[in-house]
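**Q** 3D model of this:
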Amino acid sequence: MNKLHFIGCDSLYEDADIVLFGAPFDSTVSFRPGTRFAPNKVRLDSEGLETYSPYQDQDVTGKKVADIGDIDVFYGNAKKTLDSAYETTKSIVNDQKVPFMIGGEHLLSYGPFKAVFEQYKDLRVLHFDAHTDYRDTFFEETLSHATVIRRIHDEIGDNRIYSFGIRSGQKHEFTFAKEHQYMELFDVKTLDTVIEQIREYPIYLTLDLDVLDPAYMPGTGTQEPGGLTFKELLNALLKLKGLNIVGLDVMELSPDYDPSGASTAVATKLIRELLLLVK
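**A** Got it, this is the predicted structure:
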């Protein structure tokens with residue numbers, strides 16, 4: 001495990017309520033790889049970020065967060081790496097702590113989700129993304145960054161996944177989603193209504209950073225114009241405060257595609273705000 005940690009997240013594991021870990025893996029990415037470099041780039045960039053959030057009037061140092069470093073990854077082997085993410089999360093959940101994963105490609109969300117779902121059978125999933133990720137197979141593979149939400153649906157079933165910001169996918173994915181889950185295209189305008197529907201349930205939150213418009217997040221593997229602004233996404237996430245978030249992840253930062261560092265700064269700030277959202 002790494003000694004470098006996200007700023008303010010230096011509690012001992014035994015004392016922590018939230019456990020942060022990285023998943024530096026991108027072996028099923030079909031277009032531009034590089035998300036494996038995100039976890040440590042985010043940690044380094046956090047050294048330039050204040051621990052205090054004026055948006056929430058809270059400080060990360062007031063939370064008990066342990067950054068335990070990165071999971072074991074097996075490059076070229078998605079199944080073994082998913083198992084590693086699952087086992088890490090299972091241990092965290094068994095210790096009555098909230099797991100928070102920094103990716104890494106979006107496929108890896110499937111591992112932590114499974115571990116959390118085993119603990120919370122009435123779980124609901126909030127999914128922010130540009131892509132449906134609802135293919136059953138991609139290049140004849142069932143485990144892919146393009147199949148992750150379909151795999152989650154296989155486990156959790158109908159009408160328990162709520163997707164926002166979606167603007168890319170094959171027609172059959174949109175058709176499947178319309179029949180089996182909630183999906184808002186292009187935006188987050190109906191989030192308030194969904195929050196009221198899921199308020200009493202435990203929540204797994206998965207955030208694919210390409211939900212943001214490339215003007216705000218050029219550093220990602222599959223850019224999709226027409227996305228959210230930073231303020232729109234941040235305001236949407238702030239509405240989740242008070243919900244029972246029992247697991248979460250931030251995925252798909254590919255920092256080297258944005259040499260300015262702006263994309264990493266955006267991801268880092270969003271991670272800070274999400275840390276403060278968790279009860």
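**Q** Sketch out the strands for the stretch 151-279 of the chain, chain order is fine.
**A** Per DSSP state E, counting those that start in this stretch, the stretch 151-279 of the chain carries strands over the ranges 161-166, 182-185, 202-208, 244-251.
**Q** where does the stretch 51-200 of the chain dip in pLDDT?
**A** Nowhere does the stretch 51-200 of the chain drop to pLDDT under 70.
**Q** Which of the strands of the stretch 151-279 of the chain sits closest to P218?
**A** Among the strands of the stretch 151-279 of the chain, strand 202-208 comes nearest to P218, with 14.8 Å by Cβ to Cβ. (Glycine included, C-beta is placed from N, CA and C.)
**Q** Now do the closest one: which elements does it pack against?
**A** Packed against strand 202-208 by the contact rule (3 or more Cβ pairs under 8 Å, 6 or more residues apart in numbering; DSSP states H and E) you find helix 110-119, strand 124-128, strand 244-251, helix 262-277.
**Q** Distance to D45 and mean neighbour count added to these, as JSON lines?
**A** Listed next are the helices and strands packed on strand 202-208 as JSON lines, based on distance: least, Cβ to Cβ, whole Å; neighbours: other Cβ atoms under 10 Å:
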{"stretch": "helix 110-119", "distance to D45": "23", "mean neighbour count": "22"}
{"stretch": "strand 124-128", "distance to D45": "21", "mean neighbour count": "24"}
{"stretch": "strand 244-251", "distance to D45": "13", "mean neighbour count": "23"}
{"stretch": "helix 262-277", "distance to D45": "5", "mean neighbour count": "22"}
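**Q** Need the ones you listed in TSV (columns: distance to P24).
**A** Shown next, in TSV, are these (distance: least, Cβ to Cβ, whole Å):
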stretch	distance to P24
helix 110-119	14
strand 124-128	21
strand 244-251	12
helix 262-277	14
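**Q** May I see the strands of the stretch 151-279 of the chain organised as CSV, with distance to P225 added?
**A** Below are these laid out as CSV (distance: least, Cβ to Cβ, whole Å):
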stretch, distance to P225
strand 161-166, 12
strand 182-185, 14
strand 202-208, 15
strand 244-251, 20
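**Q** For I198, find the nearest of the helices and strands packed on strand 202-208.
**A** Nearest to I198 among the helices and strands packed on strand 202-208 is strand 124-128 (4.6 Å), distances taken as Cβ to Cβ.
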